[in-house]
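mind folding the following:
(one chain, ligands or ions: 1)
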Amino acid sequence: MSYDLVVIGTGPGGYVCAIRAAQLGLKTAVIEKRKTHGGTCLNIGCIPSKALLHASEELDSARHHFKDLGIAIGEPSLDLKKMMEFKQEGVEGNTKGVEFLLKKNKIDTHQGHARILAPDRIEVTGEDGATRIVETRAIVIATGSDVTRLPGVEIDEKVVVSSTGALELERVPKRFVVIGAGVIGLELGSVWRRLGSEVIVLEYLDRILPGMDSEVAKQFQRILGKQGLQFRLSSKVTGVTVKDGSAAVTVEPAAGGEPETLQADAVLVAIGRVPYTDGLGLEDVGVRKDNRGRVLTDEHFATNVTGIYAIGDVIAGPMLAHKAEDEGMAVAEILAGKAGHVNYDVIPNVVYTYPEVASVGKTEDELKEAGVEYKVGKFPFTANGRAKVNRTTEGFVKILADAATDRVLGVHIVGADAGNLIHEAAVAMEFGASSEDIARTCHAHPTLTEAVREAALAVEKRAIHM
Ligand SMILES: Cc1cc2nc3c(=O)[nH]c(=O)nc-3n(C[C@H](O)[C@H](O)[C@H](O)COP(=O)(O)OP(=O)(O)OC[C@H]3O[C@@H](n4cnc5c(N)ncnc54)[C@H](O)[C@@H]3O)c2cc1C
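This is a model prediction of the structure:
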């Protein structure tokens, strides 16, 4: 068992890396400790969460919007077991798809826990405890991330859950407390709110979605508030205790003050994720990590140990599936002697709630901090014909362009289908477009994309429909 490349982990980073390497003629194998491929994303992350977001959004539409369209169906009811089956079938379809692709590309798969013994030797321990050695010329670590724990809060995945447990609750909690107003907390909070829970989101900071454009975050919080999500910002959770299947969450003002206790039927801990390298043997072979536990790499994804590379959630940068995939392709190309590269300035970020939030490039906050002079073009969906007729008028498109060169520096969208709309901006930015370029590109009518064009026109104060 000797290879040109062995990839540890078959999440979006690892399996994509392996496929690209095999395409380029490298003899490639993957090692995965989970029974199915696809990593966090396909098994317990992106895919199951999107399945529940989709299903719960349909239920919400049937309950609240169908009648406006002239569709009378009576009061729809929830079959949670069936909805969970729908989610699981989607997960299986996707993980089997990865299995098929690995086979199609003639990639050997080793199931078991990988431990690096030397830059050219990995030990694989199967579920039955049996071990075998795999030899290789290069190793790519793509072991991903795990849930961040909150000190003093024990996750039992029944009452106090991580995102994994929140995707599998057997009953709709009457009251669902979410700790953390980041992407995962807001997506899963939205799911359970739509399915009938009272949802309270507790956040240590004074804003939701840290890192996203603050104007967008403010508007988005208002929209979610109208949908019934309750927010308690600047709030510090100091403990959660569970008794008789229900939780007591102790929370106090972040700045200090009187603590209070909130009762909940389920509590989601969604305060972030940490890189995962348990039992990988990094210390023994001398691979260095930073103070946040991320594997240190150079711009070619090489660690300090020759022959060992790392990509995805386990290294620095946004913990996103598509970032991991791009790094996977890039490192495979580098190992095959090509010029693999990732443009970190153009990585889209999407929150898949309703409406969606999507962004690419710099936020206004970042530009201000960096002292960059910029112009803003904004266009609300209330003035977009398609949004009006669809009654999806919440939100806006905001384009930030360099004041001197007009180059697009950042695009931020709150609105229906924002996650798809953002990619026009991503392609434009990849090509170094100006706002004028987007403004002069013909956009089909009637589409939501016209709002992107209008925002580009608005940079020079010449939007037509406003
Ligand atoms: C609830 C949730 C929703 C999310 N939604 C989105 C989304 O909508 N869009 C998005 O872009 N991102 C989303 N993410 C983040 C996304 O899942 C991650 O960014 C992505 O999975 C990272 O890919 P990766 O390949 O680096 O690692 P992972 O997907 O974590 O895969 C790592 C794999 O390595 C395996 N492994 C680890 N150690 C070993 C070992 N020693 N031996 C063998 N195998 C090992 C693990 O079993 C795992 O399968 C979400 C995450 C969560 C939790």
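
pLDDT weak spots in the stretch 1-150 of the chain?
Low-confidence regions of the stretch 1-150 of the chain, defined by pLDDT under 70, are absent; no residue qualifies.

please, where are all the helices along it?
For the stretch 1-150 of the chain, the helices identified by DSSP state H, counting those that start in this stretch occupy 12-23, 39-44, 46-64, 80-104, in order along the chain.

how about the stretch 351-466 of the chain?
Under the criterion DSSP H, counting those that start in this stretch, the stretch 351-466 of the chain contains helices at 364-370, 385-390, 418-430, 435-439, 449-459.

name the helices or strands packed onto the second one?
Spelled out, it's helix 385-390. Under the contact criterion of 3 or more CB pairs under 8 Å, 6 or more residues apart in numbering; DSSP states H and E, helix 385-390 touches helix 449-459. In short, each C-beta sits where N, CA and C put it, glycine included.

now the helix it packs on, how far from the centre of its chain.
With CA atoms, centre = their mean, to the nearest Å as the basis, the distance from the averaged C-alpha position of helix 449-459 to the chain average is 26 Å.

where does the stretch 51-200 of the chain come near the ligand, residue by residue?
Applying CB under 6 Å from any ligand atom, we find that the stretch 51-200 of the chain lies next to the ligand at 113, 114, 142, 143, 144, 145, 163, 184.

count of residues packed around the second one?
Residue 114: 25 surrounding residues under other CB atoms under 10 Å.

so it sits right up against residue 34, yeah?
No - the pair residue 114 and residue 34 does not pass the contact test of CB atoms under 8 Å, sitting 11.9 Å apart.

quick check: pLDDT value at whichever residue of the stretch 151-300 of the chain sits closest to the ligand.
Among all residues of the stretch 151-300 of the chain, residue 163 sits closest to the ligand, at 3.6 Å; criterion: CB to the nearest ligand atom. Residue 163 is assigned a pLDDT of 98 by the prediction.

ok, and the closest non-adjacent residue to it?
Computed as CB to CB, 6 or more residues apart in numbering, the closest residue to residue 163 that is not its neighbour in sequence is residue 184, at 5.1 Å.

name the element the one you found belongs to?
helix 183-194 (DSSP states H and E).

now do the helix or strand following that helix against helix 183-194, angle only.
Toward the C-terminal end, the helix or strand that comes next after helix 183-194 (DSSP H and E) is strand 198-202. For strand 198-202 and helix 183-194, the angle between their directions (axes from the mean of the first three to the mean of the last three CA atoms, to 10 degrees) works out to 160 degrees.

might one say that the residue nearest to residue 163 is in contact with residue 270?
Yes - with contact defined as CB under 8 Å, residue 184 and residue 270 form a contacting pair (4.5 Å).

name the residues contacting each of those two.
By CB atoms under 8 Å, 6 or more residues apart in numbering, residue 184 and residue 270 have these common neighbours: residue 163.

give the contact list for residue 203.
180, 181, 231, 232, 233, 234, 235.

what about the fifth one, neighbour count?
If I follow you right, that is residue 233. The number of residues packed near residue 233 is 15, by other CB under 10 Å.

wait, doesn't it sit right on residue 206?
Yes - because the distance of 5.2 Å satisfies CB under 8 Å, residue 233 is recorded as touching residue 206.

if we can go back for a sec, just the ones in strands from the residues of the stretch 51-200 of the chain next to the ligand, please.
Cross-referencing those against strands under DSSP state E gives 113, 114, 145.

please enumerate the strands of the stretch 201-350 of the chain.
230-232, 235-243, 246-253, 260-264, 266-269, 273-275, 308-310, 349-351 (DSSP state E, counting those that start in this stretch).

just to revisit the earlier point, ok, and the most crowded of the residues of the stretch 51-200 of the chain next to the ligand?
Neighbour counts for those peak at residue 142, which has 32 neighbours (criterion: other CB under 10 Å).

show me what contacts it?
Residue 142 neighbours (CB under 8 Å, 6+ apart): 7-11, 13-14, 17, 39, 310-312, 314, 324, 328.

on that earlier part again, for the ones in strands among the residues of the stretch 51-200 of the chain next to the ligand, which one is nearest the ligand?
Out of these, the one with the shortest distance to the ligand is residue 114. That distance is 3.6 Å, counting by CB to the nearest ligand atom.

the nearest residue to residue 223 once chain neighbours are set aside: how many residues sit nearby?
Excluding the flanking residues, the one nearest residue 223 by CB to CB, 6+ apart is residue 394, at 5.5 Å. Under the neighbour criterion other CB under 10 Å, residue 394 is assigned a count of 19.

sorry, back to before: so the residue of the stretch 151-300 of the chain closest to the ligand is in contact with residue 48, correct?
No - counting by CB under 8 Å, residue 163 stays clear of residue 48, with 9.2 Å between them.

around the ligand, which positions in the stretch 201-350 of the chain sit nearby?
Taking CB under 6 Å from any ligand atom as the contact definition, the stretch 201-350 of the chain meets the ligand at 276, 279, 280, 312, 313, 314, 319, 320, 321, 322, 324.

in the stretch 301-450 of the chain, what residue lies closest to the ligand?
Closest to the ligand within the stretch 301-450 of the chain is residue 312: 2.2 Å, counting by CB to the nearest ligand atom.

quick one: pLDDT of that residue?
Among the per-residue scores, residue 312 shows a pLDDT of 98.

tell me who's in contact with residue 375.
With contacts defined as CB under 8 Å, 6+ apart, the neighbours of residue 375 are 400, 401, 402, 403, 406, 435, 459, 460.

can you flag the buried ones in the residues you listed?
Neighbour-count burial within these applies to 400, 401, 402, 406, 435, 459; the criterion is 16 or more other CB atoms under 10 Å.

picking that back up, and the contacts of residue 203, which two are furthest apart?
The largest separation in the contacts of residue 203, counting by CB to CB, is between 180 and 234 at 13.5 Å.

neighbour count for the two, which is higher?
Summary of the neighbour comparison: residue 180 and residue 234, criterion other CB under 10 Å, with residue 180 having more neighbours (24 against 13).

need the pLDDT of the more buried one.
As predicted, residue 180 sits at a pLDDT of 98.
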